[in-house]
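# Pasting the sequence and the predicted model now:
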Amino acid sequence: MKFTTPVVIGLEIHIELDTESKMFCGCPRSGDDTPNSRTCPICLGHPGSKPVLNKKAVEYGIKLALATKSKIAKELIFSRKSYFYPDMAKNYQISQYEVPLAEKGKITLPNKKIVNLTRIHLEEDPASLVHPAGMQSSSYVLVDYNRSGDPLAEVVTEPDMTSPEEARDFMRQLITILEYLEIFDINNCIIKADANISIKESGYIRSEIKNITGFKDIEKALNYEIQRQRKEVAEGKTLKMQTRSWDASTGTTHLLRTKETEADYGYIIDPDLVKIDLDKSWIDKIQATMPELAEAKLEKFTKEHGLSEEMAKILSKDKKLALMFEEVAVAVNPDLAAKWIRRELPRVLNYSKKTLEDTGIEAIHLIDLLKLIESKTITEKIGQKIIERLVEKTFDVKAYVEKEGLAAVSDKGIIEKFCKEAIKENPKAVDDIKAGNEKSINFLVGQVMRKSKGKAVPDEVQKILKDLIK
């Protein structure tokens with residue numbers, strides 16, 4: 001492949017699949033975090049132990065392949081990736097090499113650029129290495145085999161990205177797909193990226209940065225590595241293919257070893273795992289369960305609901321908010337629904353530190369609330385107070401408004417009375433308005449809203465204030 005861009009980046013992303021058990025044994029994938037407590041002879045590689053494939057992990061891998069428009073293999077073949085390292089008790093990792101689960105997929109970035117996928121394959125996670133004094137300083141290493149054998153899907157991209165920002169955006173797009181498919185839980189599953197990066201000045205001599213976690217870290221690690229490589233080239237040094245680690249605490253990469261090649265791993269077909277035909281009828285059944293993904297929802301929100309592309313992008317990235325919007329927008333103005341579901345709902349959820357599921361809020365609650373706002377039965381200010389209460393405990397919104405007397409003040413005489421009081425109590429604001437400072441009118445509107453306990457309609461208040469001041 002011939003490169004011409006200043007920077008070339010490819011990613012290998014390891015995604016922990018949200019299954020109950022590990023890839024080749026019945027040990028729980030999560031639960032007791034006491035070191036080495038979730039293990040058995042299979043995931044510890046004891047002699048005579050035999051792996052048994054997790055069907056759910058394969059199903060999740062197929063879902064990811066379908067979502068990325070990848071070409072799925074006709075049969076499932078596992079290999080042994082041999083290497084001597086403390087994180088693999090067997091001295092090999094069960095992975096896929098000769099025939100991956102899927103190939104030639106693609107993911108589209110927000111800037112419309114397509115990143116091609118070389119392959120998606122399944123494998124088991126190695127154990128966790130613990131460096132008590134940090135990777136650079138520890139005199140010994142502890143091994144926790146709880147993670148050993150956890151199911152992973154590895155997504156390998158072509159070297160199509162040309163900046164750390166594009167790599168960050170790719171990770172975000174991938175996370176969105178995973179969450180829509182419900183095969184990955186961002187709160188309980190691990191996602192790590194190995195980034196391959198090279199620069200034009202070196203003749204594209206590649207370095208690989210291992211085990212980067214987080215969107216910000218992947219951007220930081222790549223930016224650091226670009227500067228490191230350019231500095232060494234400027235100093236007249238000849239770069240060599242390397243494997244490096246990322247230290248998030250110092251914001252630097254460190255040499256681990258010279259870069260190995262595929263031949264160094266001595267792949268062989270695993271004799272303990274038979275070839276499995278990936279039956280088309282099973283894949284079709286999985287296809288039938290696939291949700292509408294964010295990319296399709298983005299198009300629907302702009303074309304069918306008339307949302308701006310920016311608002312549609314924000315809503316479509318969060319599956320729960322997107323589904324809520326679709327239900328609510330059937331009954332109320334889509335722009336009003338989008339505004340409240342994008343801004344007010346996340347605001348109160350973040351403040352209360354709850355998820356949407358924690359609250360019990362359903363589409364009907366928002367439909368009732370927004371219909372009252374749409375008809376000007378209540379003000380937006382009152383609506384904000386109601387949604388704050390809904391987060392704590394759900395209730396019948398219409399009955400609550402009637403019981404508490406929260407309907408908007410429609411008596412023009414009462415609003416005018418409040419306006420006159422606000423004008424009399426704030427002569428400086430009035431003088432500022434007369435002097436041409438229109439912003440001061442907002443201060444007076446706020447005073448009237450306080451007097452009416454949020455039940456006056458702001459547009460009506462502003463009109464009356466302007467008439468009175470004139």
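Nice, I can see it.

# Just the CA atoms of the helix or strand harbouring I441, as CSV, please.
Assessed by DSSP states H and E, I441 sits inside helix 440-451. Below are the C-alpha coordinates for helix 440-451, written out as CSV (Å, rounded to 0.1, in the frame of the first residue of the first chain):
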residue,chain,number,x,y,z
SER,A,440,-32.4,44.7,30.6
ILE,A,441,-35.9,43.7,29.6
ASN,A,442,-34.9,40.1,30.3
PHE,A,443,-34.2,41.1,33.9
LEU,A,444,-37.7,42.6,34.3
VAL,A,445,-39.2,39.5,32.7
GLY,A,446,-37.4,37.4,35.4
GLN,A,447,-38.9,39.6,38.1
VAL,A,448,-42.4,39.1,36.8
MET,A,449,-41.9,35.3,36.4
ARG,A,450,-40.8,35.2,40.1
LYS,A,451,-43.9,37.1,41.2
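
# so the nearest residue to T213 once chain neighbours are set aside, which of the three states?
Nearest residue to T213, sequence neighbours excluded (CB to CB, 6 or more residues apart in numbering): K192, at 5.4 Å. For glycine as for every other residue, the C-beta is placed from the backbone atoms N, C-alpha and C. The three-state label given to K192 by DSSP: H, G, I helix; E, B strand; the rest coil is strand.

# still on that earlier bit, the helix holding I441: how far from the chain's middle?
On the basis of CA atoms, centre = their mean, to the nearest Å, helix 440-451 sits 40 Å off its chain's mean C-alpha point.

# That one: what's the following helix or strand?
Heading C-terminal from helix 440-451, the first helix or strand you meet, by DSSP H and E, is helix 458-469.

# For the helix holding I441, list every residue counted as buried.
By neighbour count on 16 or more other CB atoms under 10 Å, the buried set for helix 440-451 is S440, I441, L444, V445, Q447, V448, M449, K451.

# hang on, isn't the residue nearest to T213 packed against I209?
No: using CB atoms under 8 Å, K192 makes no contact with I209, being 10.8 Å away.

# More neighbours: those two, which one.
I209 (24 against 18; other CB atoms under 10 Å).

# Pull the contacting residues for the more buried one.
I209 is in contact with D194, A195, I197, A221, L222, E225, R244, S245, W246, T253, counting by CB atoms under 8 Å, 6 or more residues apart in numbering.

# If we ignore the residues flanking it in sequence, what's nearest it?
A195 is the one closest to I209 (CB to CB, 6+ apart), at 4.7 Å.

# my read: that neighbour touches E208, true?
Yes: with contact defined as CB under 8 Å, A195 reaches E208; the gap is 7.0 Å.

# Which residue of the two possesses the greater neighbour count?
Between A195 and E208, counted using other CB under 10 Å, A195 has the larger neighbour count: 26 against 18.

# Would you confirm that that one belongs to a strand?
Yes: under three-state DSSP, A195 falls within a strand.

# Find the residue at the geometric middle of the protein.
Here the mean C-alpha position of the chain is nearest to the C-alpha of I175 (CA atoms, centre = their mean), at a distance of 4.2 Å.

# Quick check: the gap between it and D185.
Noted for I175: a distance of 11 Å to D185, by CB to CB, to the nearest Å.

# try A407
For A407, the distance to D185 - CB to CB - is 43 Å.

# Stretch 9-26 - what's its average pLDDT?
If you average the pLDDT over stretch 9-26, you get 97.

# One more: stretch 375-385?
The pLDDT scores in stretch 375-385 average 88.

# before we move on, what about stretch 67-83?
Summarised as a single mean, pLDDT over stretch 67-83 is 94.

# What distance separates the opening and closing residues of it?
Start and end residues of stretch 67-83 are separated by 33 Å (CA to CA, to the nearest Å).

# Pull out the buried residues from that stretch.
Neighbour-count burial for stretch 67-83 flags A67, T68, S70, I72, A73, L76, I77, F78, S79, R80, K81 (criterion: 16+ other CB under 10 Å).

# which one of these is nearest V52?
Among the buried residues of stretch 67-83, F78 lies closest to V52 (CB to CB), at 11.8 Å.

# Contact partners for that closest one?
Neighbouring residues of F78 by CB under 8 Å, 6+ apart: L53, I94, S95, Q96, L122, I269, D270, L273.

# The last one and V58 touch, don't they?
What it means is L273. No: the criterion here is CB under 8 Å, and L273 misses it with V58 at 11.7 Å.

# out of these two, which sits in the more crowded spot?
For L273 versus V58, neighbours defined as other CB under 10 Å are more numerous around V58 (21 against 18).

# can you tell me the helix or strand for that one?
Secondary structure from DSSP H and E places V58 in helix 55-67.

# what packs against that helix?
strand 71-72, strand 102-108, strand 114-124, strand 151-157, helix 164-181, helix 280-288 (3 or more CB pairs under 8 Å, 6 or more residues apart in numbering; DSSP states H and E).

# I'd like to know the average pLDDT value across the fourth one.
Strand 151-157 shows a mean pLDDT of 97.

# Show residues contacting that strand.
For strand 151-157, the surrounding residues in contact (CB under 8 Å, 6+ apart) are 10-17, 19, 22-23, 29, 54, 57, 60-61, 64, 68, 95, 101, 115-125, 170, 174, 183.

# quick one: contacts for the closest residue to D169 other than its chain neighbours?
In space, and not counting its chain neighbours, D169 is closest to L109: 4.9 Å by CB to CB, 6+ apart. Contacts here follow CB under 8 Å, 6+ apart; on that basis L109 touches V115, E166, D169, F170, Q173.

# Tell me the one of these nearest R257?
Of all these, R257 sits closest to F170, with 26.2 Å by CB to CB.

# so the closest one touches M161, yeah?
Yes: at 6.4 Å, F170 and M161 qualify as touching, with contact defined as CB under 8 Å.

# That concludes my questions; thank you for your assistance.
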